[in-house]
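Engineer: Model the structure of this input:
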Amino acid sequence: MSGYVGILVSDPWLQNQFTQVELRSLKTHVLFVYVYMFGSNLVISVFFDLINVFYLKFMSMRRESGKLTLRDLASRMSRLKVVGENLTEEDRAACIQDLYQNLDEEVDFEFFLKVYLKLHAHASARTGSVAKNSSAFLKAATTTLLHTISESEKASYVAHINNYLGEDDFLKKYLPIDPSTNDLFEIAKDGVLLCKLINVAVAGTIDERAINTKRILNPWERNENHTLCLNSAKAIGCTVVNIGTQDFIEGRRHLVLGMISQIIKIQLLADLNLKKTPQLLELVDDSKDVEELMSLPPEKILLRWMNFLLKKAGYKKIVTNFSSDVKDAEAYAHLLNVLAPEYSNPSTLTVKDPLTRAKLVLEHADRMGCKRYLTAKDIVEGSPNLNLAFVAHIFQHRNGLSTQTKQISFLETLPDDTQISREERAFRFWMNSLGNSTYIDNVFEDLRNGWLLLETLDKVSPGIVNWKVANKPPIKLPFRKVENCNQVVKIGKQLKFSLVNIAGNDIVQGNKKLILAYLWQLMRYNILQLLKNLRFHSHGKEITDADILQWANTKVSNSGTQSRMKSFKDKSLSDGIFFLELLSAVQPRAVNWSLVTKGVTDDEKKMNATYIISIARKLGCSIFLLPEDLTEVNQKMILTLTASIMYWYLKQPVDQDKSSGTSDSETISNSTLDDSASESSIEENGNL
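Structural biologist: This is a model prediction of the structure:
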């Protein structure tokens, strides 16, 4: 679907869209809007008054010879501002030849504009600024093309990828990547590299059977890989707000590099918790300190570890960040002297020049077997991402902590509720995926002032929060936190959450079970509202758990199989077969049945579970459960999975799959089940 349309910007919906591209000043002007479809992403580019000028010039060029080809544009665009003024004909020809293979292809107006924008971006990049005479439209449209990236970061991440993925059966034909080129962004365009990198960061996140790994992928398969990548990245804690599959397919460098940076950071910080590294207990003195340590984000734990060892080394300063506090490389020199004194160089601490000291520090790190991740210049310039990666790698290689039996046994006495841990993780990543102002590292600590809960409520139900009486962090007075949390509870009751004996102070105190109970109801409300908003399916009626259950059973039954889900806690679901049949019913090409196991043994069940999760994410479902949630039949997560599949399916074109006689709208509107049975079943095991 593509074409031009003249519109009046008086329509409220359009005005809302235009605020996203900084068109707030527009009142009622006639604009031309070029609309085209790429996969499932509707892209709208706004062309200002200058569009008429471009169209006249285009028609003039085409009239000269009856048609206009890509080969003709290099010479004929000399009459256009910016491109003609700042690029020679040879420059334009070389750029077009790099971008397109068939130079004899005929150019229509849409194609003409695309080529002009690419040449305009090339000209602007060469001159270092957007040309003076260019229109506001062109400045806005090419902004993303002018984002700068750190070449040092790119080189560091390329080295990391070459190291960890160099032997991968599929990628080894493309690796090692040359960091001096843009090959990284080209290789990332098919999505396989990013999916594989996610699995390096958190093993088993993506079932590689779900990745499309043909040598040449069609646009549909490439889009599936990026959809799988984005949903899986959210599921391991990456922030992917305002990033879409199209950004990766087009190889937008700053976004690709930003995603890679987040994935590598998660990998490097994975061991910074008491479960993976119980020796961290050496950093604390008593149980109260242990609880505080457990609630800290990995970066804070890394700083605490670093300062612990620096204190041993007699270093007087406190390192509070991975930028300005390490620029002089003195902290690094002391840290490495404590960790690997056998490789120390006495001159490291005596030299005056920070750059020279940084070089000596890196030589010390090399001798102890630590990969660099950065250059001496990066240290002196205070590159926070690369310094963090460097310190994290040092920790992984040699943490300098002793294993004290007394402390380790003390750790074993702490409560270890796996279920609470998994639910906390799921709710945390879900909230982070909404794009709140602050990244949440621990829901039990980070939600205690109520502010992030209010932000989440406002995203789930816009306008429901009374911001006039909300207290914004930092909040020093305890009763201000209680005020925020009281409003959270009040809104929960307004949304008909079950909040018996829950008060705002329970959230302030960090009551784990009550916080999880609230978050589950909030997440469930969000899913049900999304389904309800598809009114052409539900006829405007409330969607209940029972409706979701019936929909899933109807879809599977209509596909010709006998599987049935009795409830969201049906133990027979543990083999995964029902959900594989459901996914196959909503998208027949989704499941490769030759890869499915019988689901008899625990290993077979887990294989099916990982495959189900990856297929659902590949289709476009944003889900946060783990394979264990499926194999153990965690009814909360089973509900979210089923609802997410239902939501994805109902958003598809109406004629996608109507092989059955009963439509989905009839299935929902004629449901005779009520919500009480499903609600009570959740209450039995769900702390609600």
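Engineer: got any ranges where the stretch 201-350 of the chain has weak pLDDT?
Structural biologist: Judged by pLDDT under 70, the stretch 201-350 of the chain has its weakly predicted residues at 286-288.
Engineer: Show the residue spans covered by the helices in the stretch 451-600 of the chain.
Structural biologist: In the stretch 451-600 of the chain, the helices defined using DSSP state H, counting those that start in this stretch lie at 451-460, 478-494, 504-508, 512-532, 535-538, 545-558, 577-586.
Engineer: So the nearest residue to residue 493 once chain neighbours are set aside versus residue 523, what's the distance?
Structural biologist: For residue 493, ignoring the flanking residues on the chain, the nearest one in space by Cβ to Cβ, 6 or more residues apart in numbering is residue 499 at 5.7 Å. Just so you know, the C-beta spots here come from the backbone N, C-alpha and C atoms, and that holds for glycine as well. Applying Cβ to Cβ, to the nearest Å, the value for residue 499 to residue 523 is 15 Å.
Engineer: tell me the contacts of residue 467?
Structural biologist: Taking Cβ atoms under 8 Å, 6 or more residues apart in numbering as the contact definition, residue 467 lies against 454, 458.
Engineer: Tell me the pLDDT of it.
Structural biologist: Per-residue pLDDT puts residue 467 at 94.
Engineer: All further residue positions should be reported with the first residue as 38.
Structural biologist: All set: I'll call the first residue 38, so the last point we hit is now residue 504.
Engineer: Pull up the gap between it and residue 405, please.
Structural biologist: 52 Å.
Engineer: quick revisit: more neighbours: which of residue 536 and residue 560?
Structural biologist: Of the pair residue 536 and residue 560, residue 560 is the one with more neighbours under other Cβ atoms under 10 Å, namely 22 against 19.
Engineer: show me where pLDDT drops low in this structure?
Structural biologist: Across the chain, the ranges flagged by pLDDT under 70 are 38-92, 102, 118, 161-185, 323-325, 409, 440-454, 572-577, 691-725.
Engineer: Find the centremost residue of it, please.
Structural biologist: residue 277 (3.0 Å; Cα atoms, centre = their mean).
Engineer: What distance do you get for that residue to residue 600?
Structural biologist: Noted for residue 277: a distance of 33 Å to residue 600, by Cβ to Cβ.
Engineer: re earlier: so which of the helices of the stretch 488-637 of the chain comes closest to residue 397?
Structural biologist: Among these, the nearest to residue 397 by Cβ to Cβ is helix 488-497 (43.5 Å).
Engineer: Tell me which stretches of this protein form strands.
Structural biologist: Under the criterion DSSP state E, strands of the chain are mapped to 39-45, 67-75, 78-84.
Engineer: got a list of what the residue lying closest to residue 156 once chain neighbours are set aside touches?
Structural biologist: Leaving aside its chain neighbours, residue 156 sits nearest to residue 120 (4.6 Å; criterion: Cβ to Cβ, 6+ apart). Residues in contact with residue 120 (Cβ under 8 Å, 6+ apart) are 114, 129, 153, 156-157, 160.
Engineer: neighbours around residue 101, how many?
Structural biologist: Neighbours of residue 101 under the rule other Cβ under 10 Å: 10.
Engineer: nearest residue to it other than its sequence neighbours?
Structural biologist: residue 113 (7.7 Å).
Engineer: Residue 426 too?
Structural biologist: Among residues not flanking residue 426 along the chain, residue 410 sits closest, at 4.3 Å (Cβ to Cβ, 6+ apart).
Engineer: Could you do residue 202 as well?
Structural biologist: residue 208 (5.2 Å).
Engineer: To what extent is the one you found buried, counted in neighbours?
Structural biologist: Neighbour number of residue 208 under other Cβ under 10 Å is 19.
Engineer: how about it, what does it touch?
Structural biologist: 202, 224, 229-230, 233 are the contacts of residue 208 under Cβ under 8 Å, 6+ apart.
Engineer: One more pass at 10 Å, please.
Structural biologist: Listed by Cβ atoms under 10 Å, 6 or more residues apart in numbering, the contact partners of residue 208 are 198-199, 202, 214, 224, 229-230, 233-234, 250.
Engineer: cool, and residue 207?
Structural biologist: Contacts of residue 207 by Cβ under 10 Å, 6+ apart are 229-230, 233, 245, 248, 250-252.
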